[in-house]
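Visitor: okay, here's the prediction I keep looking at, along with the sequence it came from:
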Amino acid sequence: MEAIVYEEFGGPEVLRHATGVAVPEPGPGEVRVKIAAVGLNPVDWKRRYGWVEAFYPTTFPAVPGLEFAGTVDALGEGVTDLAVGDEVLGWTKTGAYAEYAIAGTVAPKPAGLSWEAAASLPVAGETAQRVLDLIGAREGETLFLHGAAGVVGSVAVQLAVAAGITVVGSASESNHAYLRELGAIPVAYGDGLADRVRAAAPDGVDAVFDAAGHGVLPVAIELLGGEGTADKNRIATIAATDAEEFGITFSGVSGDPDDVRRGLAAHARLAAEGALVVRLADTLPLKEAARAQESSESGHVRGKLVLIP
C-alpha cells in the first residue's frame, strides 16, 4: 500500500512517500479501514520532531497521523458491532497517513457528512470537549479561550456557546469576524491582553482554556484573581509545555474510550446537521504530506489541512 513513513526524528525532510508498504492485518477485536481522508494535526509534526514522546512514544519505522475517515475493510476475530462497508471516523492504531490502517476508537459517519469534514472532527472535537469538561465550564459562566480561531479553539467556541457559556476568544484581528460568526467576543493577542479580556468581560472570567500557548498562563492566573487566589483547576492548556511550572494542567491524553466514542458520534451528528463546523483550509494528496506538515508548522494556516490517499 501507499503510506508516509519516517525512520528518525527531524524536519519535514524525514518523511518519505513509500509504496509497497505491508497492509496491516486486524487482530482479535480490531478492524481495518480503507482510509478516505486524513486530518492533519500539529501533534503530527511535534511527534516527528520527538517533542511529545512522553504522551505518544514512537516506534520506527513510523506512519504519522491520528485521525481519519474511511470504510471498514476487514474484521478481526470477535468483532460484532461493525461490518465490512461501514463508513466510520475516528483514530488509528497504526498511523493514518496510509491507504489502510487498523482502527482504534471509531464512530459511525453520518451519510450527509463529507469525508473531509469527518476526518477533521475526531481530535478537535475530543480535545475541545475534554478540556471544557476538565475546567468545569458550564452554562451562565464566562470562558476565556486563548487561540479561539484555531481548529481546536473554534470547535471549543461552538461547543461552549451551544452550552450557554459566554466566550471571550483571543485571535489575530483577521479572524475576529470569524469568531463573531461563531458567537464569541474577540480580543487581540499581544501586550495588554488581560486588560482587553476584562473590558470584554467586565463581570470577570470563570475559567480559561489555552489552545495556543505563547506564554499566556500568567495572564490566565491573573484573570482568575492572581497567584495564591486563582483556582488553577479552572485553567487548562493543550499548548504550553511549561504548564507544570505554574501548577496548571496540561491536557494531552484522551479519556475513557466509551465516553470518547459517544462524544465523537454526537459531534459527527452535529456536523452533519451543520451545527458544528470545522473550517477547511486545504486538501492535498497524501504524497504531499511533508509540504502539508510544513504549512501547519508555519502557523499561518487558517483551518484544517486534510490529506487524501
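Guide: Sure, I can see it.

Visitor: so which residues of the stretch 201-309 of the chain form strands?
Guide: For the stretch 201-309 of the chain, the strands defined by DSSP state E, counting those that start in this stretch occupy 207-210, 235-237, 249-250, 280-285, 304-308.

Visitor: got TSV for the ones you listed, with mean neighbour count, distance to H267 and mean pLDDT too?
Guide: No exception for glycine: its C-beta is placed from N, CA and C like everyone else's. Below are these laid out as TSV (neighbours: other C-beta atoms under 10 Å; distance: least, C-beta to C-beta, whole Å; pLDDT from 0 to 100):
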stretch	mean neighbour count	distance to H267	mean pLDDT
strand 207-210	28	17	98
strand 235-237	26	19	97
strand 249-250	18	22	92
strand 280-285	16	16	96
strand 304-308	23	14	97
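
Visitor: how far away from the center of its chain is stretch 285-304?
Guide: Distance of stretch 285-304 from the chain centroid (C-alpha atoms, centre = their mean, to the nearest Å) equals 15 Å.

Visitor: what does stretch 132-148 give?
Guide: 17 Å.

Visitor: give the buried residues for that stretch.
Guide: Under the neighbour-count criterion of 16 or more other C-beta atoms under 10 Å, stretch 132-148 has L132, L134, I135, A137, E141, T142, L143, F144, L145, H146, G147, A148 buried.

Visitor: out of the residues you listed, who's nearest E245?
Guide: H146 (17.2 Å; C-beta to C-beta).

Visitor: so the closest one bridges to which residues?
Guide: S170, D210 (DSSP bridges).

Visitor: was I right about it contacting A212?
Guide: Yes - H146 is within contact range of A212, at 5.1 Å (criterion: C-beta atoms under 8 Å).

Visitor: quick one, phi psi at the closest residue to F9 other than its chain neighbours?
Guide: What sits nearest to F9 in space, not counting adjacent residues and going by C-beta to C-beta, 6 or more residues apart in numbering, is G50, at 3.7 Å. Main-chain torsions, G50, degrees, to the nearest 10: phi 90, psi 20.

Visitor: which residue is nearest the middle of this structure?
Guide: In the chain, the residue lying closest to the centroid (C-alpha atoms, centre = their mean) is A124, at 2.9 Å.

Visitor: can I assume that residue is in contact with L159?
Guide: No - if you go by C-beta under 8 Å, A124 and L159 don't touch, sitting 10.0 Å apart.

Visitor: state the helix or strand in which A117 lies.
Guide: Using DSSP states H and E, the element containing A117 is helix 115-119.

Visitor: could you list every helix and strand in contact with that helix?
Guide: Counting contacts by 3 or more C-beta pairs under 8 Å, 6 or more residues apart in numbering; DSSP states H and E, helix 115-119 is packed against strand 31-39, strand 67-75, helix 257-272, strand 280-285.

Visitor: same for the following helix or strand past that helix, what does it pack against?
Guide: Using DSSP H and E, the helix or strand that follows helix 115-119 towards the C-terminus is helix 122-134. When contacts are defined as 3+ C-beta pairs under 8 Å, 6+ apart, helix 122-134 sits against strand 31-39, strand 67-75, strand 87-92, helix 151-162, helix 257-272.
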